[in-house]
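S.K.: what follows is a protein structure lacking sequence information:
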């Protein structure tokens, strides 16, 4: 089994030795993510269209979208391709105000400009970059409770 560990670098070797029997520690192509309770990731790596990499702080991310097999983070400075999956972004940055709003989007609620109710228990969000994102029925009630509606 391949496991991805999200922990402080000082504790990485300790966890590796505890998990070594039959488990491979991997940052790519893993089956399970182990997150240390006190671990707070604050940034991810994004790839630009010019094949350059940059560090993206969580506070610069407006939303993350799954588009085909690509995961794209829309930031204040543009779009960046990232390696993390949507469920990873949702889990890692949940305490920072990131919310799943449909099967293809995780948003940073700090960048919501307007919220408009529509038919069939759905909401339409306008983000601060004027992007339109729909909150689907499956996420409607959890979204409303998390923003205090």
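M.R.: Noted; the coordinates are in hand. For clarity, every value in this text was computed on a predicted model and none was experimentally measured.
S.K.: name the element the most centrally placed residue in the chain belongs to?
M.R.: Computing the C-alpha centroid of the chain and ranking residues by Cα atoms, centre = their mean puts residue 89 first, at 1.8 Å. Using DSSP states H and E, residue 89 maps to helix 86-92.
S.K.: likewise residue 107?
M.R.: Assigned by DSSP H and E, residue 107 falls in strand 105-108.
S.K.: packing partners of that strand?
M.R.: strand 61-67, helix 86-92, strand 98-102 (3 or more Cβ pairs under 8 Å, 6 or more residues apart in numbering; DSSP states H and E). In this view, the C-beta of every residue, glycine as well, is placed from N, C-alpha and C.
S.K.: pipe these into CSV and attach distance to residue 9 per row.
M.R.: CSV is the format used below for these (distance: least, Cβ to Cβ, whole Å):
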stretch, distance to residue 9
strand 61-67, 23
helix 86-92, 16
strand 98-102, 23
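S.K.: now tabulate the ones you listed in TSV and tack on mean pLDDT.
M.R.: TSV is the format used below for the helices and strands packed on strand 105-108 (pLDDT from 0 to 100):
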stretch	mean pLDDT
strand 61-67	93
helix 86-92	86
strand 98-102	93
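S.K.: which stretch among those comes nearest residue 78?
M.R.: strand 61-67 (10.5 Å; Cβ to Cβ).
S.K.: which residues sit against that closest one?
M.R.: Strand 61-67 is touched from outside by 71-76, 82, 84-86, 89, 93, 98, 103-108, 111, 127-129, 131, 133, with contacts defined as Cβ atoms under 8 Å, 6 or more residues apart in numbering.
S.K.: among the residues you listed, which ones are buried?
M.R.: 71-75, 82, 84, 86, 89, 93, 98, 105-108, 111, 127, 131, 133 (16 or more other Cβ atoms under 10 Å).
S.K.: residue 129 contacts residue 75, doesn't it?
M.R.: No - using Cβ atoms under 8 Å, residue 129 is not in contact with residue 75; the gap is 9.5 Å.
S.K.: before we move on, the earlier item: of the helices and strands packed on strand 105-108, which is nearest residue 8?
M.R.: helix 86-92 (14.2 Å).
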